[in-house]
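Asks: Need coordinates for the following:
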Amino acid sequence: MRLPFSLDGLEGVLSIQIERNDDPASVGSSEGSLGLPMCTARVQPTGRGYRAMCGWIQLIRSTDNSSGGVEFELDPFGPFTDTGSPYAFYGLAPTLFDAPGRDARDDLDWTAHAWLARTELDSRVIEPVVGFSWGFSIRERKPLPSPVGELARTDWAQHVPLLQRQHPGWVIAAGV
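Replies: Below you'll find the model as predicted:
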């Protein structure tokens, strides 16, 4: 899937690829991710330097998480969980990569909302740029990928209270 976006007044494209993880070791994921979908989202901005700076925030909702699949939770990148930043990846045209794993293959529904967002230099304001949903279900021990879909600004708005609560040092723009 390809999604157009505008970043700092310049047009760009987000390329999203969902594929089956048939070789977890080759992508550095756990054996529990074997057969599950993995996501790679590449940013192709037209800006250069600081005008191409952006980051990824991903939230997940899963029937095996603490809310039983009712609420989304922030899905931080492990090494950065204690940094105080909601971004999992940040930099010049950063790539989002995720290969979720589950050792048990009990029935479940797993949905991610992945958001490309930006923060201006010398700012702690996060503004959404473009977002998409992806995920999978497991039924009778078989993983089934969910369709990829573009998210609306109203989808971002539902995550603002959680982001503000978990990252009070940041200003989360409503995006609507």
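Asks: Without its sequence neighbours, what residue ends up closest to Ser67?
Replies: Nearest residue to Ser67, sequence neighbours excluded (C-beta to C-beta, 6 or more residues apart in numbering): Glu73, at 7.1 Å. Yep, even glycine has a C-beta here, placed from its N, CA and C like the rest.
Asks: for Gly55, same thing?
Replies: Distance criterion C-beta to C-beta, 6+ apart; nearest residue to Gly55, sequence neighbours excluded, is Tyr90 at 3.4 Å.
Asks: hang on, the one you found in a strand?
Replies: Yes. The assignment for Tyr90 by DSSP: H, G, I helix; E, B strand; the rest coil puts it in a strand.
Asks: Just give me the neighbour total for Gly28.
Replies: 9 (other C-beta atoms under 10 Å).
Asks: sorry, that was for Arg124
Replies: 12.
Asks: got the contact list for the spatially closest residue to it that is not a sequence neighbour?
Replies: Distance criterion C-beta to C-beta, 6+ apart; nearest residue to Arg124, sequence neighbours excluded, is Trp170 at 4.9 Å. The neighbourhood of Trp170, defined by C-beta atoms under 8 Å, 6 or more residues apart in numbering, consists of 85-86, 124-126, 163-164.
Asks: how close does Trp170 get to Pro94?
Replies: 18 Å (C-beta to C-beta, to the nearest Å).
Asks: And what about the closest residue to Ile172 other than its chain neighbours, helix, strand or coil?
Replies: Excluding the flanking residues, the one nearest Ile172 by C-beta to C-beta, 6+ apart is Leu163, at 4.5 Å. Following three-state DSSP, the label given to Leu163 is helix.
Asks: how far away is Leu163 from Ala112?
Replies: 15 Å.
Asks: No further queries at this time; thank you.
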